[in-house]
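Q: the sequence isn't on hand, but the structure is:
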């Protein structure tokens with residue numbers, strides 16, 4: 001995907017585990033209040049205990065969706081940089097991330113947290129943990145990478161309740177009865193159902209949720225026995241579980257991920273810098289690292305598109321050779337296609353656009369347009385009479401007007417996309433610039449390259465068609 005200004009972004013906020021709901025809400029409110037002081041922001045939407053994605057969200061997590069004005073002087077990346085600096089200075093205890101909306105949705109769909117991910121592999125997690133500080137420092141030193149952090153989902157501290165079977169039996173209770181009493185006190189008891197449309201919904205009767213608001217209240221939760229009520233703590237033992245993080249696996253092997261986001265650079269450039277830095281990284285024994293995130297998907301997508309482009313060119317070349325039984329026309333078509341693709345790549349370089357999926361699709365389109373236009377010229381030259389030069393003169397005199405009309409019509413259709421500004425147009429801009437550059441190459445190849453090469457090097461092949 002090209003680096004795109006979507007006109008809106010997301011602030012994923014994670015407060016430290018164990019933070020109260022009120023403290024999290026106050027921290028979120030301070031960030032939202034600052035957002036409303038920015039002239040580019042027209043609206044915000046804040047959620048606490050919920051987030052975009054397919055995850056179970058803790059009460060300490062949430063997000064703020066920020067929508068920017070269409071008429072603004074700063075890009076979304078400049079606004080994000082200012083908000084990032086504010087949060088780092090005023091709320092250093094918060095873990096924050098700043099994806100754009102489409103970017104965050106794509107991350108959820110492809111199963112990655114961020115565009116840049118360095119994965120640490122090994123068989124011993126303690127050894128892998130030793131490599132984390134080095135990888136964090138490495139990513140933080142790579143130009144174009146921001147928001148570097150270890151990917152982890154911390155599990156808040158928990159209290160485990162153990163039922164003492166002997167003590168419970170002394171009060172004529174079974175563990176099942178104690179569990180049922182706790183479940184009834186926490187969730188109530190279903191007494192009937194009501195119909196919501198065609199779906200029956202249970203109606204529960206709950207006495208009071210107060211005992212479950214604190215651990216002390218749970219300890220004193222009254223449990224009914226044949227001889228009266230006793231506090232839960234009398235028949236249970238309690239143990240505390242420390243805070244820990246969920247353990248991630250990849251293909252049934254342990255993995256630790258360190259992620260970051262792009263800022264001011266494209267994915268290909270940043271990936272090359274990271275690979276170069278990783279080559280000199282010192283790692284513990286039996287531990288190795290690789291690059292994940294968008295780089296993996298970009299490599300796969302570019303490989304598929306490259307195969308599609310090569311297959312299309314070879315198919316056209318094979319069909320032309322089968323029709324004319326001459327080597328010259330297929331070779332000339334390939335030369336024209338290569339010139340058009342080179343012109344498309346040159347246009348991307350001149351206008352500072354990266355080679356991404358959108359522009360790569362433009363290259364495939366350019367190859368097809370160039371092959372079609374070149375075939376029209378070569379077909380007319382093969383059907384004409386005279387020597388090779390006369391044949392191409394006749395072909396161009398017949399085809400020059402359709403060629404100009406076709407290229408000008410396509411150029412006029414794509415020009416507004418190439419020069420337009422606004423949210424979400426970066427994808428169309430990369431595509432249109434690639435195609436516009438390819439169209440110029442296609443016109444040059446049809447009008448100049450094919451006649452010059454055909455006359456200079458392949459004249460006998462064209463003239464033999466008279467026989």
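A: Here it is on my side, so go on. Being a predicted model, the structure only gives us computed values, none of them experimental.
Q: helices or strands next to the helix or strand where residue 132 lies in the packing?
A: Following DSSP states H and E, one finds residue 132 within helix 125-140. Where contact means 3 or more C-beta pairs under 8 Å, 6 or more residues apart in numbering; DSSP states H and E, helix 125-140 is packed against strand 116-122, strand 145-150, strand 253-262, helix 267-278, strand 287-293. Every C-beta, even on glycine, is put in place using the N, C-alpha and C of the backbone.
Q: list of residues touching the fourth one?
A: Outside of helix 267-278, the residues within contact range by C-beta atoms under 8 Å, 6 or more residues apart in numbering are 115-116, 118, 138-139, 141-145, 262, 289, 291, 294-295, 298, 354-356.
Q: about what we covered before: out of the helices and strands packed on helix 125-140, which gets nearest to residue 316?
A: Among those, helix 267-278 comes nearest to residue 316, with 28.5 Å by C-beta to C-beta.
Q: what residues sit buried inside the closest one?
A: Across helix 267-278, burial judged by 16 or more other C-beta atoms under 10 Å covers 267, 270-271, 273-274, 278.
Q: helix, strand or coil for residue 39?
A: Classification of residue 39 using DSSP: H, G, I helix; E, B strand; the rest coil returns coil.
Q: pretty sure it is touching residue 72, no?
A: Yes - under the criterion of C-beta atoms under 8 Å, residue 39 makes contact with residue 72 at 7.4 Å.
Q: between the two, who's got more neighbours?
A: Just comparing residue 39 and residue 72: by other C-beta atoms under 10 Å the higher neighbour count belongs to residue 72, 18 against 11.
Q: ok, that one to residue 85 distance?
A: According to C-beta to C-beta, to the nearest Å, residue 72 stands 18 Å off from residue 85.
Q: tell me the angle the helix holding residue 132 makes with helix 267-278.
A: Angle, helix 125-140 to helix 267-278, by axes from the mean of the first three to the mean of the last three C-alpha atoms, to 10 degrees: 130 degrees.
Q: just the buried positions in helix 125-140, please.
A: Using 16+ other C-beta under 10 Å as the test for burial, helix 125-140 gives 128, 131, 134-136, 138-139.
Q: list the contacts for residue 209?
A: Residues counted as contacts of residue 209 (C-beta under 8 Å, 6+ apart) are residue 186.
Q: residue 38 now?
A: 79, 82-83.
Q: now with 7 Å?
A: Contacts for residue 38 were tallied using C-beta atoms under 7 Å, 6 or more residues apart in numbering; they are residue 79.
Q: the helices in the stretch 351-467 of the chain, which residues?
A: Assigned by DSSP state H, counting those that start in this stretch, the helices in the stretch 351-467 of the chain fall at 357-383, 388-419, 426-444, 450-457, 459-463.
Q: now do the phi/psi pair for the nearest residue to residue 157 once chain neighbours are set aside.
A: Leaving aside its sequence neighbours, residue 157 sits nearest to residue 243 (C-beta to C-beta, 6 or more residues apart in numbering; 5.0 Å). Backbone geometry at residue 243, expressed as degrees, to the nearest 10, gives phi -70, psi 140.
Q: do the same with residue 193
A: phi -130, psi 150.
Q: what is it paired to in the beta sheet?
A: When bridges are called by DSSP bridges, residue 193 pairs up with residue 202.
Q: go ahead and confirm it touches residue 202.
A: Yes - Residue 193 lies in contact with residue 202 (C-beta atoms under 7 Å); the separation is 5.4 Å.
Q: tell me, what's touching those two both at once?
A: Common neighbours of residue 193 and residue 202, using C-beta under 7 Å, 6+ apart, do not exist here.
Q: ok so, going back, any chance of the buried residues of helix 267-278 in JSON lines, with pLDDT too?
A: Output for those, formatted as JSON lines (pLDDT from 0 to 100):
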{"residue": "267", "pLDDT": "77"}
{"residue": "270", "pLDDT": "84"}
{"residue": "271", "pLDDT": "84"}
{"residue": "273", "pLDDT": "88"}
{"residue": "274", "pLDDT": "88"}
{"residue": "278", "pLDDT": "86"}
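Q: and which of those is nearest to residue 426?
A: Nearest to residue 426 out of the buried residues of helix 267-278 is residue 267 (C-beta to C-beta; 13.5 Å).
Q: and the closest one, how far from residue 356?
A: Taken as C-beta to C-beta, the span from residue 267 to residue 356 is 8 Å.
Q: what about stretch 157-176, start to end distance?
A: One end of stretch 157-176 to the other measures 25 Å (C-alpha to C-alpha, to the nearest Å).
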